[in-house]
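Undergrad: I would like the atomic coordinates for the input below:
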Amino acid sequence: MLAETTAGSRASPRPARAAAAQPATIREVTGIDAASRREAQEHIEEHALGEAARIERLSRIREFVLGAQDGLLVPLGVVTGMAAAQPGRAAILVAGLAEAVAGSIAMGGGSYLASEAEEGLYAAEIADEGLEVEEHPEREVAELALVLEHEGLPRESAEQVAQGLAANPNVFLRTKVQKELGLSPDVGGAAGGDALVVGLTYLGSAVIPLWPYALFSVGVALPISLVCTLVALFLLGVAKGKVARQQIVRAGMQVLTIGAISAGVGFAIGHAVTAIVG
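TA: Prediction:
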């Protein structure tokens with residue numbers, strides 16, 4: 001809450017976000033006629049709701065990249081390190097498959113627990129805000145007015161808007177949650193989906209560095225595994241850059257570089273262990 005935060009009370013549970021671009025000046029609107037209202041309703045139904053669903057789907061890019069990158073890098077490090085030690089193709093495959101299955105379960109489970117904890121925290125914050133609205137309605141209306149005034153509304157207009165929103169407790173609470181906590185009032189329900197995306201993506205990606213060892217000798221499989229995995233890492237970076245609207249070649253090279261370092265470290269460790277223990 002702005003008034004309480006400036007006085008040293010609790011802070012928002014989320015890190016501060018980057019300031020949004022300032023909108024262009026909007027000409028004064030003195031009223032909403034029937035045609036404007038109808039046009040707005042059509043826009044919401046045809047565009048806004050669909051855009052919200054599309055952005056929600058694209059927001060899973062975090063889980064996809066996390067699962068895919070780890071699913072490529074960790075098994076690659078395991079099989080490359082073992083290939084340097086030359087234990088035989090069967091041992092490499094067993095180690096790689098065991099890591100892939102265990103890693104997908106661990107990554108999916110970790111994602112679920114992390115998302116569940118985050119959702120629980122946000123739900124508790126929203127519940128606390130609702131309790132404050134019930135116990136101190138006048139103060140909460142004044143706080144929302146201060147938030148709106150801080151965002152640029154004149155004091156009189158800010159107080160009118162806050163009082164108007166307070167006429168509907170649900171709308172008022174949703175606005176308070178969005179403005180003061182920086183949270184979506186519809187938070188929750190994503191933990192299971194996040195875990196599924198991370199776990200399955202990890203398992204599917206692990207196939208790429210492993211498959212050459214099922215078909216070729218270790219000496220032939222090692223370079224094929226490296227090339228296939230590095231190409232997959234570059235394409236993953238390109239996909240990430242495209243979705244996130246970044247420079248795609250640079251994004252691809254970033255992920256590729258991390259993969260090359262991982263493979264090099266794994267190979268070096270395998271050689272070092274072989275040299276030490278024989």
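Undergrad: residue 248 touches residue 236, doesn't it?
TA: No. Counting by CB atoms under 8 Å, residue 248 does not reach residue 236; the two are 11.3 Å apart. Any C-beta I mention is one placed from the backbone N, CA and C, and that applies to glycine too.
Undergrad: looking at these two, which is more packed in?
TA: Taking other CB atoms under 10 Å, residue 248 and residue 236 do not tie; residue 236 has more neighbours (23 against 16).
Undergrad: list the buried residues in the regular element (helix or strand) spanning residue 202.
TA: Using DSSP states H and E, residue 202 sits within helix 191-215. By 16 or more other CB atoms under 10 Å, the buried positions in helix 191-215 come out as 191, 194-203, 205-213.
Undergrad: and it, how far from the chain's centre?
TA: Its chain's C-alpha centre lies 18 Å from the corresponding centre of helix 191-215 when counted by CA atoms, centre = their mean, to the nearest Å.
Undergrad: pLDDT (mean, whole number) over that helix?
TA: Per-region confidence: helix 191-215 scores 90 on mean pLDDT.
Undergrad: helices of this structure, residue ranges please.
TA: Ranges of helices within the chain are 2-6, 34-43, 49-58, 61-85, 89-135, 137-150, 155-165, 169-176, 191-215, 218-243, 248-277, based on DSSP state H.
Undergrad: find the centremost residue of the protein, please.
TA: Central residue of the chain (CA atoms, centre = their mean): residue 62, 4.0 Å from the mean position.
Undergrad: so how far is residue 201 from that one?
TA: To residue 201, residue 62 is 11 Å away according to CB to CB, to the nearest Å.
Undergrad: quick one on the thing from earlier: of the helices of the chain, which is nearest residue 184?
TA: helix 89-135 (8.3 Å; CB to CB).
Undergrad: that closest one - contacts with which helices or strands?
TA: Counting by 3 or more CB pairs under 8 Å, 6 or more residues apart in numbering; DSSP states H and E, the packing neighbours recorded for helix 89-135 are helix 61-85, helix 137-150, helix 169-176, helix 191-215, helix 218-243.
Undergrad: list the buried ones in the last one?
TA: Using 16+ other CB under 10 Å as the burial criterion, the residues of helix 218-243 that qualify are 218, 221-222, 225-226, 228-230, 232-234, 236-241, 243.
Undergrad: point out where the stretch 51-200 of the chain drops to low pLDDT.
TA: Along the stretch 51-200 of the chain, segments meeting pLDDT under 70 span 51-59, 187-189.
Undergrad: recalculate using a threshold of 90.
TA: Residues of the stretch 51-200 of the chain meeting the criterion pLDDT under 90: 51-70, 72-93, 95-96, 110-111, 114-195, 197.
Undergrad: contacts only, for residue 169.
TA: When contacts are counted by CB atoms under 8 Å, 6 or more residues apart in numbering, residue 169 touches residue 133.
Undergrad: pull the residues that contact stretch 135-151.
TA: Stretch 135-151 is contacted from outside by 1-4, 132-133, 155, 157-159, 161-163, 165-166, 172, 175-176, 179-180, using CB under 8 Å, 6+ apart.
Undergrad: buried only: go through the residues you listed for me.
TA: By neighbour count, with 16+ other CB under 10 Å, these hold 1-3, 132-133, 158-159, 161-162, 165-166, 172, 175-176, 179-180 as buried.
Undergrad: can you add distance to residue 99 and give the helices and strands packed on helix 89-135 back as JSON lines?
TA: Formatted as JSON lines, these follow (distance: least, CB to CB, whole Å):
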{"stretch": "helix 61-85", "distance to residue 99": "5"}
{"stretch": "helix 137-150", "distance to residue 99": "50"}
{"stretch": "helix 169-176", "distance to residue 99": "45"}
{"stretch": "helix 191-215", "distance to residue 99": "8"}
{"stretch": "helix 218-243", "distance to residue 99": "14"}
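Undergrad: mind checking the ones you listed for the one nearest to residue 98?
TA: Closest to residue 98 of the helices and strands packed on helix 89-135 is helix 61-85 (CB to CB; 8.9 Å).
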